[in-house]
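Visitor: below are the sequence and a predicted model; questions follow.
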Amino acid sequence: MTTLGATAIRAARRFASSLPALFGVLIFTFLLMRVLPGDPAVFFASGPNSGKEEIETIRKQMGLDKPVPQQLFLYLYDVGRGNLGRSLMTGQNVTKDLRERLPASLELTFSALLIALVLAIPLGVLAALKPGSLVDHGVRLFCALGVCVPTFVSGLLLIYIFYYLFGVSPDPTGRVDIFTTLPPAHTGFLLIDFALAGDFDGWWAAFKQLILPACTMALFVIAPLARITRASMLASLGSDFVRTARSVGLSWWRIIVTYALRNAILPVITIAGIVFSTMLGANVLVEKVFSWPGVASYALDALLSSDYAPVQGFVLLMASVFVIVNLVVDVLYGIADPRISIG
Amino acid sequence: MGLMYSKQMLGAAAALAFFTAAVPANAQTRAETLRYVTGAAVNTLDPNIPGSTREAFAVSLSTYDRLVSFGRKQLNGKWVFDLDTIRGELAESFDVSPDGLKITFKLRKDAKFQDGSPVTAEDVKWSLDRAVTAKILGKAQLLTGSLTDASQFKVIDPLTFEVTLPQPDKLALPNLATVYPIIINSKLAKAHATEEDPWAQAWLKENTAGSGAYIVETFKPGEQVILKRNDAWNRAAGDKQAFFKRLIIQSVPEPATRANLVEKGDADIVIDLQASDAQALEAKGKLQVISTPQYNAITFISMNNQMPPFDKPDVRRAVAYALPYDDMFKAALFSRGDLLAGATWADGKPPSGAFPIKQPIKLDLEKAKAYLKAAGYPDGFSTTFSFNVGQSATAEPMAALLKESLAKIGIKVDIQKLPDAQMSTQITEKKLPFFTEGIVAWLPSTDYFYRNFYTGNQRWNYSSIDNAELTAVAQKARFEADKAKYEADGKVLNAMNFDLMPQIPLWQPSQDAVMASNLTGYTYQFHRQVDYRDLSRK
């Protein structure tokens, strides 16, 4: 109980110490967007007859007619009140857009990470148990293939096979079949919401939509996870404590899982944390290919049209997610290896 | 044990019953549902909001009515909108006074808004006042039809409405058929207006208050819009209803996925496939591919006439004669569209006053070299050629061929690919020397093209040409009522344009509408989107 309390206090302290970094990110993105050469007002005033007057109207609407320091001040004031501004692209509040889209991205990324971990850890362990064997080379080949095929290629390939050729997957257009009624939104995670509502047809429909994009993303990140598992398993299998465990005649399972794997898992957790944050922000291609209404494709569209507010909101969100993920990783460290304390 | 077993059975039976009940319901509505997929997205329900997308225009055509709408005609066997036939939509009839200064509209007696209240001349007046007064997109459009002030609109009686013009303007009536002058339920809108927002722009962006053929069921900006039919609506040609009971408009960003969807029959119609996909689907023959050259749109190669070396007409002529038009057309568009080069004009005079017309120009490197020498650049020069990322599928192969061909006459070209917002900013600021862009005119008459795309210091004058004579002829043609004189003016403009060569018209790309073989009624519209009300299923 006391260790749990201590962990919580440390985590809170850790979180507080990352606030200045978040603030820095906020200001940096704000200035960066203003330095970029595109002018959003000109871009959005693109009706067939839009002239100077329309451009001025939009500029005023976006607050771009004021000097930059004043804009920054107003922006910080708004962010402080939880208002991230309005997107011209979707015409909605950025907070609302992100709140609707983040669960979609999170659900996809969590599923992908789960699939990747379930596959990568056993593969890595297997490869480490018999280094240089056929199994090891097989795993290496599989990983290399996963990494060297870009996600949009593997995504399109999976769509071609499972949707176009065999017709077992539903059409790759978003999170759920268009004719399915959505469950009441509690968490925003469709799988959880459908389960809570007791609608198992809906759950199955959402699951079928999710599985292809999740596999596409998982394929790409299996390699780093499996390789790191293998490397750290090798080190831990060759260490003194495993030799001791072997010599006292402990069971095979106990040696591998309890002693070797538990000691080897730390770097895997670190990498998993990094992989998760990267996937969340960088899965634009998967989101585009599967028409997934997530945050990454939203941010890319906004960036192309120089729509300031969504890009700034997205970067802030990603920075916060990164901070939280690092925090979780640190806490997991403590659970995996009680000798480590975060501070 | 026995109890648990029966419980499971019951659950399974219930699930089965639910499943079998659900399937026929879906199957029945599928034929009456139109699913349209697009790479773009709907971002507002009011087409007047600055930043509205073309998809938003298409939705507003179905959710709102205008006073009038365009008829359609056949062009090379394909249905296209017809600028010259205008029929009533909310108006039962309309009269233009002999001096052309007054247009009187009689409203339909049976027209009702979607909330059941009747459409009156008061609503029309409020809506058109809004279009010319509020800071919205309609203002600049209606200006082109001499509609600029609320005092021009007058309510005569609840079903009669009058528009007064300062001078006869042949674009006044067509302007009322464009996307912006929607007729809004003024009572409903006023109830949501505020002091800062007297025209209820904020509310109308997220809500509709129209009398159109479809009612918005769900609107998720950037993802999908679902519409259901307004059964009381009867404003299609021949007083008919719209055919489809339900419309699903869905954003699918990946073009390959859109092609898969329509090929599998999961989507009914798509108009923004890549040219290569459209060609492949046409070759397979399972689907209908209606390919209409966008006769109100043009792709240009533009040169900044105010910036050396392109300020010299001879340099521009040299570039024009050094482009491999046929190869570019094949590489960029798989020859889908109308090429605007390679004509022969008898005794060098334009055969027509229409715009655009095929130009008497083709690849001729000797001529190009001669022009370059005459301009004082015998050894050529270096420049950059820009296009925007959004167009790379067509612009990239075209730019590569252009670079290769211009190198032969000594012009060294660097290719520059710009993000869309950056490109439009630089065009507006007139900073790009040499680039490719497209234009579209909703009301494609010759003077409109020349006035909007060849005059003034504004964004759409890509070549930044500033020629007093051309401007004067175009302005004069605007109010020319005599058809023969108008045609003569058009010929003068076309001849000047070819001689000055401010920019090079390349082609009119095709709109490839790929659709299920049982769809009929597709018409190419001025806004270049599908008008869902046109379509039906055999």
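Guide: Done, it's in. Numbering: from 1, shown residues only, chains lettered A, B, ... in the order given.

Visitor: now name the helix or strand holding B:Pro198.
Guide: In the assignment (DSSP states H and E), B:Pro198 maps to no helix and no strand.

Visitor: how many residues are close by it?
Guide: As a burial measure, B:Pro198 scores 12 neighbours (other CB atoms under 10 Å in any protein chain shown). Glycine gets a C-beta too; all of them are placed from N, C-alpha and C.

Visitor: the one 5 residues further on too?
Guide: A total of 18 residues lie near B:Trp203 under the criterion other CB under 10 Å.

Visitor: from A:Leu196, how far off is the residue lying closest to it once chain neighbours are set aside?
Guide: Among residues not flanking B:Trp203 along the chain, B:His192 sits closest, at 3.8 Å (CB to CB, 6 or more residues apart in numbering or on different chains). Going from B:His192 to A:Leu196 by CB to CB, to the nearest Å gives 35 Å.

Visitor: got it, and B:Gln529?
Guide: 40 Å.

Visitor: of the two, who's got more company?
Guide: Between B:Gln529 and A:Leu196, counting by other CB under 10 Å, B:Gln529 is the more crowded of the two (23 against 14).

Visitor: check the closest residue to the more buried one other than its chain neighbours and give its pLDDT.
Guide: Using CB to CB, 6+ apart and skipping the chain neighbours, the partner closest in space to B:Gln529 is B:Ala58 (3.7 Å). According to the prediction, B:Ala58 has pLDDT 94.

Visitor: if I pick B:Ala58, what's in contact with it?
Guide: B:Ile249, B:His527, B:Gln529, B:Val530, B:Asp531, B:Tyr532 (CB atoms under 8 Å, 6 or more residues apart in numbering or on different chains).

Visitor: how would you label it: helix, strand or coil?
Guide: With DSSP: H, G, I helix; E, B strand; the rest coil as the basis, B:Ala58 sits in helix.

Visitor: can you pull the buried residues of stretch B:35-44?
Guide: B:Arg35, B:Tyr36, B:Val37, B:Thr38, B:Gly39, B:Ala40, B:Ala41, B:Val42, B:Asn43, B:Thr44 (16 or more other CB atoms under 10 Å in any protein chain shown).

Visitor: would you tell me which strand is longest in chain B?
Guide: For chain B, the longest strand by residue count, based on DSSP state E, is strand B:503-515.

Visitor: show me what the helix or strand following that strand is packed against.
Guide: Sequence-wise, the next helix or strand downstream of strand B:503-515 (DSSP H and E) is strand B:519-520. Secondary structure elements in contact with strand B:519-520, counted by 3 or more CB pairs under 8 Å, 6 or more residues apart in numbering or on different chains; DSSP states H and E, are strand B:536-537.

Visitor: paired strands for the strand it packs on, with orientation please.
Guide: Strand B:536-537 pairs in its sheet with strand B:519-520 (antiparallel), by DSSP bridges.

Visitor: endpoints of stretch A:31-45, how far apart?
Guide: Distance across stretch A:31-45, first residue to last, is 23 Å (CA to CA, to the nearest Å).

Visitor: the stretch 101-250 of chain B: strands as residue ranges?
Guide: Counting by DSSP state E, counting those that start in this stretch, the stretch 101-250 of chain B has strands at residues B:102-107, B:153-157, B:160-164, B:214-220, B:224-229, B:246-251.

Visitor: got the buried residues for the longest helix seen in chain A?
Guide: In chain A, taking DSSP state H as the definition, the longest helix is helix A:200-237. Neighbour-count burial for helix A:200-237, with 16+ other CB under 10 Å as criterion, is recorded at A:202-203, A:205-207, A:209-210, A:212-234, A:236-237.

Visitor: great, nothing more from me.
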